[in-house]
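Engineer: Dropping the sequence and predicted coords here.
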Protein chains: 2
Amino acid sequence: MSVSGVNGTGQRRPTMKEVAARAGVALKTVSRVVNEEPNVSPELTAKVQAAIKDLNYTPNESARMLRRGKTGTIAVVIRDIGDPFFASLGRAVELWARSSGSVVMIGLTDEDPERERDVCLEFVARRPDALIMAPIGETQEYLAPHVDAGMAVVTIDRPAHGIEADAVLADNAGGIDQAIDHLVRQGHRRIAYLGDDERIFTARERVVAYRAAMARHRIDVDEDLVHLSEPTTEGIGITLSAVLDRAEPATALLSANNMTTAEVLRGLAGRRDRVALVSFDDLALGDLLSPGLTAVAQSADVMARTAIQLMTERLPEPHRPGRTVRVPVKLTIRGSGEIPPA
Amino acid sequence: MSVSGVNGTGQRRPTMKEVAARAGVALKTVSRVVNEEPNVSPELTAKVQAAIKDLNYTPNESARMLRRGKTGTIAVVIRDIGDPFFASLGRAVELWARSSGSVVMIGLTDEDPERERDVCLEFVARRPDALIMAPIGETQEYLAPHVDAGMAVVTIDRPAHGIEADAVLADNAGGIDQAIDHLVRQGHRRIAYLGDDERIFTARERVVAYRAAMARHRIDVDEDLVHLSEPTTEGIGITLSAVLDRAEPATALLSANNMTTAEVLRGLAGRRDRVALVSFDDLALGDLLSPGLTAVAQSADVMARTAIQLMTERLPEPHRPGRTVRVPVKLTIRGSGEIPPA
DNA sequence: CTGTTAGCGCTTTCAT
DNA sequence: ATGAAAGCGCTAACAG
């Protein structure tokens, strides 16, 4: 029982050496007790534990890391912590980390390749045992020396390039197929596609799947209904009026990511169209909207757990060839996608 | 330009010593170049940089930390990464960290005091320069030795106990006042209060403020309209039917936190009441609901920046007395709170 | 301007 | 079962 400051202020933290001195044992004995190594007599163990308590000793992880060469940290590099998909990932990784005595460093890229590089380089200097990331840049070659040195890299949402890494990807094509099939089944043919910049891997996969699915249904894609850009409030506003305020307006919208969907919903709220909407990616409160949001949901949790699984498998053999796992997605029907064509 | 594995697999990372050898200089010269210390001739600098590049050298932060006694790490311990409030906090801290060459460790408590303790103790072993947390437990005394040793602690949302720390708190009473004033102004008198467990600091402040505000308006609080519990889907369902399915049903609901609000919305979606709802805490997509969510919004961003400000001020003088800053909240009117009494 | 020496706090190795 | 010595990779404190 000690109140802050009572033991003196500006105190150095006690070291293992001091604990040893206090307990009247050798340094190594303290180390053994701290690390719960076998072969320490109960008497000494008790003495050491008492000294630890008296001194409020806590081991210095920096020293441990240096000596051991393992840091017990997992680096997570993602676009945004607020995105529900990445929040799930963060949660899952944190949970695993705590159960295995590791900690999680988190870095945000905001979809900027340079930031990705900066953050990753900052992180790898700390020698994380593993790096879980949603890559953006063209190549992650800059990580190669660390991968060679045994750091396990697992990517999520998109694959890495230039390094040996595992990847957990959503079944983008399957999800788009389901969405288009669903809309076509309701009688829609003028289905606008609102997606993200094609430089993004998932955006690329999804728009390709859109064209393929449309072709499969023998519907000619009206290029004026295909819009690929960063999802800003005003950009989506313009896009909406482009696809809806025209002679033959789109009767359905396929929004290809959750940021776009949020902006589409904002945009539609200011208009009076009756247009169907299916979103690739669910929103946190998609069930509370009216109509509810019909969405192709990625199982963030399954993807996160898969990533962790791959990571734990890779840890002991860091140089094994990269694996890619595709995780299925699921169309959730709630109303917005079941509005028939006008 | 090197492809992973080509330089050999399972390679050790080069050390400063090896760089020195390769560059034909002393260890310390490499250190100087790496740390951009002055007084190194351009020639040697060039040589060293070449050697660094050849060897793909990156400094080992563990060693640096050990030697320097500073880790360049900020620990963040919060309830849940997905909560928009904490997501904002995380974002702000990450941004600051990156601009100052630090990294962020993140730990989740899920509102469990034991987990809080475990996570914090795990973290402090890593000797973070600062700890930003939303405390839950009765006391954070277990951090005292580390505070004594110079770790800066700043809490957000709730104060710490048993240690000297700064705190950034929302103006809970002011927010509740605004909410009640607003509802009373619409003619409501039977205003149900749905809050969290009173063990939680903010929950306590808010329910006290609710009673005070009601008293100020000379309205007797009907205790059957006051419900304090953890926000689970079924619990809130029961609560809703308790306050709405009765002789004199509540005409307005004041939901005192965002988890409760989400569940209230889910519950109301399955019912046909016309009841006003004001939420303390906004939801991510509160503007997209219909009616829009009238909410007392905490400026997560302002609170986060305030916390960082306090932290940077505390870093150089870790033993200064704790300061508490109250951050104002703002009532955002969007429709759900403007439904008149039946 | 450059280099040498010591040692951060711990674990590893090897004695005893 | 216990301990002494060495050293992880780096920076601080001094020389030159």
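Structural biologist: Received, thanks. Keep in mind that this is a model prediction, so the values were computed, not measured.

Engineer: SS state for the residue nearest in space to the middle of chain A?
Structural biologist: Centroid-nearest residue in chain A: residue A:86, 3.7 Å away (criterion: Cα atoms, centre = their mean). Of the three states, residue A:86 takes helix under DSSP: H, G, I helix; E, B strand; the rest coil.

Engineer: What distance do you get for residue A:22 to residue A:51?
Structural biologist: When distance is defined by Cβ to Cβ, to the nearest Å, residue A:22 is 4 Å away from residue A:51. From N, CA and C alone the C-beta is placed, and that goes for glycine too.

Engineer: Neighbour count: the two, which is higher?
Structural biologist: When neighbours are counted by other Cβ atoms under 10 Å in any protein chain shown, residue A:22 and residue A:51 differ, and residue A:51 comes out ahead with 21 against 18.

Engineer: Phi, psi for the residue of the stretch 201-342 of chain A at minimum distance from DNA strand D please.
Structural biologist: At 16.7 Å from DNA strand D, residue A:318 is the closest residue in the stretch 201-342 of chain A, using Cβ to the nearest atom of the strand. The phi and psi values for residue A:318, taken as degrees, to the nearest 10, are phi -60, psi -10.

Engineer: if I pick it, what's in contact with it?
Structural biologist: A:147, A:150-152, B:10 (Cβ atoms under 8 Å, 6 or more residues apart in numbering or on different chains).

Engineer: and the residues you listed, which two are the farthest apart?
Structural biologist: A:152 and B:10 (12.9 Å; Cβ to Cβ).

Engineer: burial count for the closest residue to residue A:113 other than its chain neighbours?
Structural biologist: Spatial nearest neighbour of residue A:113, excluding adjacent residues (Cβ to Cβ, 6 or more residues apart in numbering or on different chains): residue A:137 at 3.6 Å. Residue A:137 has 19 neighbours, counted by other Cβ under 10 Å.

Engineer: quick check, residue A:137 in a strand?
Structural biologist: No - assessed with three-state DSSP, residue A:137 is coil; it does not lie in a strand.

Engineer: what about the nearest residue to residue A:341 once chain neighbours are set aside, distance to residue A:332?
Structural biologist: Sequence neighbours aside, residue A:251 is the residue nearest to residue A:341 in space, at 3.8 Å (criterion: Cβ to Cβ, 6+ apart). Noted for residue A:251: a distance of 21 Å to residue A:332, by Cβ to Cβ.

Engineer: who has more neighbours, the two?
Structural biologist: residue A:251 (22 against 17).

Engineer: Nearest spatial neighbour of the closest residue to DNA strand C within the stretch 151-300 of chain A, chain-adjacent residues omitted?
Structural biologist: Closest to DNA strand C within the stretch 151-300 of chain A is residue A:151: 18.5 Å, counting by Cβ to the nearest atom of the strand. Using Cβ to Cβ, 6+ apart and skipping residues adjacent in sequence, the residue nearest residue A:151 is residue A:131, 6.1 Å away.

Engineer: what's the burial count for the one you found?
Structural biologist: Neighbours around residue A:131, by other Cβ under 10 Å: 28.

Engineer: still on that earlier bit, what's the lowest-pLDDT member of the contacts of residue A:318?
Structural biologist: Minimum pLDDT for the contacts of residue A:318 is recorded at residue B:10 (59).

Engineer: Next, count neighbours for whichever residue of chain A sits closest to DNA strand C.
Structural biologist: Ranked by Cβ to the nearest atom of the strand, the top residue of chain A for proximity to DNA strand C is residue A:16, at 2.8 Å. Using other Cβ under 10 Å, residue A:16 is surrounded by 20 other residues.

Engineer: same thing with residue A:296?
Structural biologist: Neighbour tally, residue A:296, other Cβ under 10 Å: 28.

Engineer: Can you show me the helices along chain A?
Structural biologist: Here chain A has its helices, by DSSP state H, at A:16-23, A:27-34, A:42-55, A:61-68, A:84-99, A:113-124, A:144-148, A:172-185, A:201-216, A:233-244, A:258-269, A:300-314.

Engineer: How about the backbone phi and psi for the residue nearest to residue A:113?
Structural biologist: phi -60, psi 160.

Engineer: where does it sit relative to DNA strand D, distance-wise?
Structural biologist: 25 Å (Cβ to the nearest atom of the strand, to the nearest Å).

Engineer: In terms of neighbours, single out the busier of residue A:152 and residue B:10.
Structural biologist: residue A:152 (26 against 10).

Engineer: So which bits of stretch A:180-196 are buried?
Structural biologist: A:180, A:182-184, A:188-196 (16 or more other Cβ atoms under 10 Å in any protein chain shown).

Engineer: go on, stretch A:67-83?
Structural biologist: Buried residues in stretch A:67-83 (16+ other Cβ under 10 Å): A:71-83.

Engineer: mind listing what the residue nearest to the centre of chain A touches?
Structural biologist: By Cβ under 8 Å, 6+ apart, the neighbours of residue A:86 are A:78-80, A:134, A:300.

Engineer: got it, and residue A:95?
Structural biologist: For residue A:95, the contact set (Cβ under 8 Å, 6+ apart) comprises residue B:108.

Engineer: just residue A:291 next, same as before
Structural biologist: A:334-336, A:338-339.

Engineer: Could you pull up phi and psi at whichever residue of the stretch 101-250 of chain A sits closest to DNA strand D?
Structural biologist: The nearest approach of the stretch 101-250 of chain A to DNA strand D comes at residue A:125, 8.8 Å away (Cβ to the nearest atom of the strand). Note on residue A:125: its backbone torsions stand at phi -60, psi -30 [degrees, to the nearest 10].

Engineer: How many residues are close by the closest residue to it other than its chain neighbours?
Structural biologist: Computed as Cβ to Cβ, 6+ apart, the closest residue to residue A:125 that is not its neighbour in sequence is residue B:61, at 4.7 Å. Neighbours of residue B:61 under the rule other Cβ under 10 Å: 23.

Engineer: now swap in residue A:219 and tell me
Structural biologist: Residues near residue A:219, counting by other Cβ under 10 Å: 15.

Engineer: and what of residue A:200?
Structural biologist: Residue crowding around residue A:200 was assessed by other Cβ under 10 Å; the count is 19.

Engineer: Quick one: residues contacting the nearest residue to residue A:176 once chain neighbours are set aside.
Structural biologist: In this structure, residue A:176 finds its nearest non-sequential neighbour in residue A:209, 3.7 Å apart by Cβ to Cβ, 6+ apart. Residue A:209 makes contacts with A:172-173, A:175-177, as judged by Cβ under 8 Å, 6+ apart.
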